[in-house]
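Visitor: Here is my input; please provide its structure:
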Amino acid sequence: MTNVAVTQSAVDTSQVPARPNPPPPLDASAKQQLESAAVVFMKRLIEQHGHNADLALVQIQTSYAHTVDYFTMPCLSEPL
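Guide: Predicted structure coming up:
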């Protein structure tokens, strides 16, 4: 067994921002587009489940409720 000195090269952090940039605030049209996309998604999911809205809502709650804060912000403690 030989002793080998391990040296690490310095990491260049000059390109890494000190703080992540927050997402830009959504304007009214962006919020409307997101809401419209959510409505279309719900309609398609209900149609897929044979017009059984209760089953579709259970599926959405099971699949997505843990990643959504209902005050319009994603829950950062949960993986997306």
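Visitor: gap between the residue nearest to Ile60 when sequence neighbours are not counted and Leu57?
Guide: Nearest non-adjacent residue to Ile60, counting by Cβ to Cβ, 6 or more residues apart in numbering: Leu45, 6.6 Å away. Quick note: C-beta positions are derived from backbone N, CA and C, even for glycine. Leu45 sits 9 Å away from Leu57 when distances are taken as Cβ to Cβ, to the nearest Å.
Visitor: the bottom helix or strand of this structure by mean pLDDT?
Guide: Within the chain, confidence by mean pLDDT, DSSP states H and E is lowest for strand 73-74 among all helices and strands, at a mean of 54.
Visitor: helices or strands up against the longest helix along the chain?
Guide: Counting residues, the longest helix found in the chain (DSSP state H) is helix 28-48. Contacts defined by 3 or more Cβ pairs under 8 Å, 6 or more residues apart in numbering; DSSP states H and E place helix 28-48 against helix 53-64.
Visitor: Give me the residues contacting the helix it packs on.
Guide: Here helix 53-64 makes contact (Cβ atoms under 8 Å, 6 or more residues apart in numbering) with Met42, Leu45, Ile46, Gln48, His49.
Visitor: Run through the protein and note the low-pLDDT ranges.
Guide: Within the chain, the segments meeting pLDDT under 70 span 1-9, 13, 16-18, 20, 49-50, 64-80.
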